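Peer 1: Sequence first, then the predicted structure:
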Amino acid sequence: MLASIRIALMTIRLVMRTKVALFFTFLFPIIFLFVYLGLFAHGNPAAVIYFFGPLVTLNIMGSGFWGLGMQSVMQRERGSLRRYRLAPIGPGTMVASNLLANYLLGLPTVALLVVCAMAFFHMPLQISLLALLVLVTAGTFAFAGFGLTIASIANTMQEAQVYNNVVWFALLFLSGVTVPLPMLPHWIQRFAAFLPATYLVTSFQAIMVRGDSLFAHGAEMLVLLVSGTFGLLFAWKLFRWEKEEKISRHAKLLALSCIIPFLVMGVWMNARGNLTAAWAETFSMMSRPPLSGEQPAAPTDANLLADFESPQEAENLLKRWQISTEASAAGHSLGELDLVSPGAAGTAHALRFKGHVAPAPDSDHGNVAVRYTFSLTPRDQGPRGIQFDVRGDSRLFQVKVEPPTSAFATPALSFVPDSDWQTVRLPAAWLAKPAGSSPTGTTWVLEILADGPPGDFKLDLDELRLY
């Protein structure tokens, strides 16, 4: 253990003496922070919080793959490891020293990123220092294991670069590091559950944006630690002192077993069913423009059911709106909700209902619906129906209102939206207060159904009101 610490400290001293190493270790991440947050956050502190997790993840990934991993291959090819071979140390000492040096160099870099984000982009630090340290430690441990495993199985620098690029670009574009996951197609979001960077990115975002507890993401941290352990064990067992030593194909295939924890976790996360909804909630909380001045007053229009303008609208989506698919093919069709800007008639936000329609068994059609619950307050003269502004794809949609009892008919209205905003009205005279009995004050359900042949769909909804 003491030998690993000494070698790690010597490695750090060498980095401090090399201008190029200092630039890419400390200065380049800061430059990238200004470019990254400047392009994606646009001065919105809420967006800075959302993108800060991917920024730290990107820095940890780069350090593991292109710093630690490539440095190990370079040392072997240059013969730098030969001077250690006769010393009373083994491969485990070298692997541990590389990991420790990488970790100790990464901590001040993350601290600099936090300070710069808070000072120049006004990012509120909505995460405890302990939670931040745990996330950085788990991520560094996992990607160091990946980087050192690739360094162990690669016979040359060129081969290591090929392996690194394949893994790097997959993690870069498919795990939320550069493109937010809710903006990607559904099949990519499902695939992202199998990628290690996804766990670190979404854990950062859930804790910093939604205020989740670190314990709520203990499973993700455990998988990162287990996979990092697998990777370091393989790096230890496959460690080579000389470039003339070659790794067999069998050993390379055996090293692939370090992805087993992610395969298990990906299957489990997809089976939970609320994966994309949680990501969409976090993204919608970020995507709202920053509030300035006083909070907007509550709407005074008694007929207005939803205008999607309240600061808590993202949370309300999960409370009052619900996605449902056809019972005969549950899970085939997919749908999710999000807030988009701007809304109809210049409003700040609108609701986006999007997803994919898949055919039911023995059919060429499928459907997916969104349901909204509301109550009618007693009034002298009830409303005549429901209206809302809508735009979307040229696909057939149906809208209907389900009463609290079966005593009322439930007619459905079919419509095909346009790319421009238009108003849809569902006449429903039975919403008015009938003589003798009134269902006011009880729960009604508005259902909007995406129907038809298989394919993606998108529908924006705004200004939901009675008329």
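Peer 2: Thanks, I have it.

Peer 1: number of nearby residues for Gly53?
Peer 2: Each residue near Gly53 was counted by other CB atoms under 10 Å, and the total is 25. Yep, even glycine has a C-beta here, placed from its N, CA and C like the rest.

Peer 1: which SS class is Val35?
Peer 2: helix (DSSP: H, G, I helix; E, B strand; the rest coil).

Peer 1: For it, give its distance to Pro29.
Peer 2: 11 Å (CB to CB, to the nearest Å).

Peer 1: okay, these two: which has more neighbours?
Peer 2: Using other CB under 10 Å as the criterion, Val35 and Pro29 rank with Pro29 on top: 22 against 9.

Peer 1: Specify the residue ranges that define each domain of this structure.
Peer 2: Domain assignment for the chain by automatic domain parsing gives 2-287, 304-466.

Peer 1: ranking those by burial, who's on top?
Peer 2: Most buried of those, by mean neighbour count (mean count of other CB atoms under 10 Å): domain 2-287, with a mean of 18.

Peer 1: Enumerate every residue touching Ile259.
Peer 2: Ser227 (CB atoms under 8 Å, 6 or more residues apart in numbering).

Peer 1: follow-up on the earlier one: where among the domains of the chain is average confidence lowest?
Peer 2: Sorting the domains of the chain by mean pLDDT places domain 304-466 lowest, at a mean of 74.

Peer 1: for it, how far is the first residue from the last?
Peer 2: Distance across domain 304-466, first residue to last, is 6 Å (CA to CA, to the nearest Å).

Peer 1: In a helix, Ile127, correct?
Peer 2: No - looking at Ile127 with three-state DSSP, it is coil, so not inside a helix.

Peer 1: Just list what the strand or helix carrying Met94 packs against, helices and strands only.
Peer 2: Met94 is part of helix 91-121 when elements are defined by DSSP states H and E. With contacts taken as 3 or more CB pairs under 8 Å, 6 or more residues apart in numbering; DSSP states H and E, helix 91-121 sits against helix 2-17, helix 28-40, helix 45-62, helix 129-153, helix 218-237.

Peer 1: could I get those helices as TSV with distance to Ala369?
Peer 2: Below are these laid out as TSV (distance: least, CB to CB, whole Å):
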stretch	distance to Ala369
helix 2-17	57
helix 28-40	33
helix 45-62	29
helix 129-153	37
helix 218-237	31
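
Peer 1: Out of those helices, which gets nearest to Pro185?
Peer 2: Pro185 lies closest to helix 45-62 among those, at 18.7 Å (CB to CB).

Peer 1: which residue sits closest to Ala251, ignoring its sequence neighbours?
Peer 2: Excluding its sequence neighbours, the residue lying closest to Ala251 (CB to CB, 6 or more residues apart in numbering) is Leu238, at 5.8 Å.

Peer 1: Please apply the same query to His186.
Peer 2: Spatial nearest neighbour of His186, excluding adjacent residues (CB to CB, 6+ apart): Leu334 at 5.1 Å.

Peer 1: Bridge partners for the one you found, pull those for me.
Peer 2: Beta-bridge pairing of Leu334 under DSSP bridges involves His356.

Peer 1: Kindly report the same for Ser324.
Peer 2: Ala369.

Peer 1: Verify the stated contact: it with Tyr372.
Peer 2: No - under the criterion of CB atoms under 8 Å, Ser324 is not in contact with Tyr372, lying 11.6 Å apart.

Peer 1: Let me see the ranges of the helices in the stretch 251-400 of the chain.
Peer 2: With DSSP state H, counting those that start in this stretch as the definition, the stretch 251-400 of the chain shows helices at residue ranges 260-272, 275-287, 313-320.

Peer 1: Give me the three-state assignment for Ala206.
Peer 2: Ala206 - assigned by three-state DSSP - is helix.

Peer 1: ok, back up a step: got a list of what the residue nearest to Ala251 touches?
Peer 2: 149, 152-153, 247, 251, 255.

Peer 1: What of Leu99?
Peer 2: Under the criterion of CB under 8 Å, 6+ apart, the neighbours of Leu99 are 68, 141, 144, 148, 232.

Peer 1: and which of those residues is nearest Val401?
Peer 2: Closest to Val401, out of all of the contacts of Leu99 and judged by CB to CB, is Phe141, at 53.6 Å.

Peer 1: Which residue comes closest to that closest one once chain neighbours are left out?
Peer 2: Nearest-residue entry for Phe141: Gly228, 3.8 Å, with adjacent residues in sequence omitted and distances by CB to CB, 6+ apart.

Peer 1: How far does stretch 338-348 stretch from one end to the other?
Peer 2: Using CA to CA, the span of stretch 338-348 from its first residue to its last is 14 Å.

Peer 1: what does stretch 178-185 give?
Peer 2: 15 Å.

Peer 1: Please work out which residues outside that stretch touch it.
Peer 2: 50, 54, 58, 172-175, 188-189, 192, 198, 201-202, 276, 279-280, 283-284, 336, 338, 456.

Peer 1: Mind doing that once more with 7 Å?
Peer 2: 172-173, 189, 192, 279-280, 283, 338 (CB atoms under 7 Å, 6 or more residues apart in numbering).

Peer 1: can you list those residues in CSV and add distance to Asp460?
Peer 2: What follows is the contacts of stretch 178-185, written out as CSV (distance: CB to CB, whole Å):
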residue, distance to Asp460
Leu172, 30
Phe173, 26
Gln189, 20
Ala192, 25
Trp279, 20
Ala280, 15
Phe283, 16
Asp338, 10
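
Peer 1: Now flag whichever of those residues is closest to Ser419.
Peer 2: The shortest approach to Ser419 among the contacts of stretch 178-185 belongs to Asp338, at 17.9 Å (CB to CB).

Peer 1: Spatially, which residue comes closest to that closest one, not counting chain neighbours?
Peer 2: Arg352 (4.6 Å).

Peer 1: Then Tyr199?
Peer 2: Once flanking residues are discounted, Tyr199 sits nearest to Glu220: 3.8 Å by CB to CB, 6+ apart.

Peer 1: All good on my end, thank you.
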